[in-house]
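> Quick one: sequence plus predicted model below, questions after.
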Amino acid sequence: MRRGLAAVTAALVAAVGCGAGEKADLVVEGSPPATPYAGPLDIATTTRDTYTPQALLAESGAAGRALECDGEIYDGGGPDGWSGGDGGDSPEDGLRLFFDMFDPQMPRSGYRVERSADGRVLYSYDVGGRTKVAVVVAEDQKGRPGWGPETNASCDPAELPASYTDSLGLEIWTDSAGKRVPTTTLTSYAGAEHCGWETAHFLGIARGEGYRQYVRDPDGVLASVLLTTPYDDDVRMPADAQDTGYRYGHWRLWLTKDRTTAYVRTSDGVEAWPLAKEPIACK
């Protein structure tokens, strides 16, 4: 998964569960998208050390190019190898093998065949007629008979249905227009239980100045040396604070120009979430 905000999202998803509550068919008939992918399915992939959208496209081949994201590609990879005895008897078996082998953080139902050509099949998971997850399966690769996964790619989780992200416990914020905010821009999550941080909450923001992490720690479970200032659950909103428009439940995010503290307006008042000196992660 992507690093930074998205890596945090991936860790949270893994902790909560994969595809919780989904029992529908893996592959459905569906309706073709308004603009189906028309390019080649056999596109050479290149592995790179960076994790930029350009690198993800290079690594995900046709799957990455089949996406119709509102923003940038979020995750992608391939070719994904399978052993000689793993290959399935059908393209759907190959898609199922992808989930069985790699346990990706993607919806587990509702895929449709978007295109077939030259021993490959492109499966897409569509939202509003636009491809948000794509998986290419291939048949009879060198030393690997049968059908198996080749490349895969996905858009930001915020572009997936709320029913899916809610089932995983993902906290997707909205902007002033009510649009879901990409997790690569803003994300929040509760602290990990196995680190004893379950009463803490983390807020990550990626902007032009880089990634910043703020912390809500009402019980003081985090060492104070990790934070720039103490958490305060009852403060006056600074005169120069501006409403970002970002909302999650009853939380409303306000920031000052120096970005040293995140001010979260709640139904009970205003909380001051201090900036972490460095991103904090449970190990």
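Noted; the coordinates are in hand.
> Only C-alpha atoms from now on, for both contacts and neighbour counts.
OK.
> gap between residue 216 and residue 233?
9 Å (C-alpha to C-alpha, to the nearest Å).
> the more surrounded of these two?
The neighbour comparison of residue 216 against residue 233 (other C-alpha atoms under 10 Å) goes to residue 216, with 25 against 17.
> So what sits opposite that one in the bridge?
residue 201 (DSSP bridges).
> How far away from the center of its chain is stretch 258-265?
Counting by C-alpha atoms, centre = their mean, to the nearest Å, stretch 258-265 is centred 24 Å from the centre of its parent chain.
> Can I get that stretch in PDB, CA atoms only?
C-alpha atoms of stretch 258-265 as PDB (Å, rounded to 0.1, in the frame of the first residue of the first chain):
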ATOM      1  CA  ASP A 258       1.400  28.000  11.700                       C
ATOM      2  CA  ARG A 259      -0.300  24.500  11.700                       C
ATOM      3  CA  THR A 260       1.200  23.700  15.200                       C
ATOM      4  CA  THR A 261      -2.100  22.600  16.600                       C
ATOM      5  CA  ALA A 262      -5.300  21.100  15.200                       C
ATOM      6  CA  TYR A 263      -8.400  22.600  16.700                       C
ATOM      7  CA  VAL A 264     -11.300  20.300  16.600                       C
ATOM      8  CA  ARG A 265     -14.700  21.700  17.300                       C
END
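> what's in contact with it?
214, 237, 250-256, 270-275 (C-alpha atoms under 8 Å, 6 or more residues apart in numbering).
> switch the cut-off to 6 Å
Residues outside stretch 258-265 that contact it (C-alpha atoms under 6 Å, 6 or more residues apart in numbering) are 251, 252, 253, 254, 255, 270, 271, 272, 273, 274, 275.
> quick one, strands of the stretch 151-283 of the chain?
For the stretch 151-283 of the chain, the strands defined by DSSP state E, counting those that start in this stretch cover 186-190, 201-207, 210-216, 242-248, 251-255, 261-265, 270-274.
> Enumerate the positions of the fourth one that are buried.
Within strand 242-248, the residues that count as buried by 16 or more other C-alpha atoms under 10 Å are 243, 246, 247.
> give the contact list for the closest residue to residue 187 other than its chain neighbours.
Ranked by C-alpha to C-alpha, 6 or more residues apart in numbering and with sequence neighbours excluded, the top spatial neighbour of residue 187 is residue 204, at 5.3 Å. Applying C-alpha under 6 Å, 6+ apart, we find residue 204 in contact with 186, 187, 212, 213.
> what about the residue lying closest to the last one once chain neighbours are set aside, distance to residue 64?
Spatial nearest neighbour of residue 213, excluding adjacent residues (C-alpha to C-alpha, 6+ apart): residue 204 at 4.4 Å. Computed as C-alpha to C-alpha, the residue 204 to residue 64 distance reads 26 Å.
> In the protein, which helix is the longest?
helix 53-66 (DSSP state H).
> What is the helix or strand that it is followed by packed up against?
Later in the chain than helix 53-66, the nearest helix or strand by DSSP states H and E is strand 75-77. On a contact count with 3 or more C-alpha pairs under 6 Å, 6 or more residues apart in numbering; DSSP states H and E, strand 75-77 meets helix 53-66, strand 144-154.
> redo that, cut-off 10 Å
helix 53-66, strand 130-141, strand 144-154 (3 or more C-alpha pairs under 10 Å, 6 or more residues apart in numbering; DSSP states H and E).
> could you point out which element follows it?
helix 91-102.
> Kindly format the C-alpha coordinates of the helix or strand following that next one as PDB.
Toward the C-terminal end, the helix or strand that comes next after helix 91-102 (DSSP H and E) is strand 112-117. Extracted as PDB, the C-alpha positions of strand 112-117 are listed here (Å, rounded to 0.1, in the frame of the first residue of the first chain):
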ATOM      1  CA  ARG A 112     -17.500  -7.400 -13.700                       C
ATOM      2  CA  VAL A 113     -15.600  -8.300 -16.900                       C
ATOM      3  CA  GLU A 114     -14.600  -5.100 -18.600                       C
ATOM      4  CA  ARG A 115     -12.500  -6.600 -21.400                       C
ATOM      5  CA  SER A 116     -11.000  -9.800 -22.600                       C
ATOM      6  CA  ALA A 117      -8.100 -10.100 -25.100                       C
END
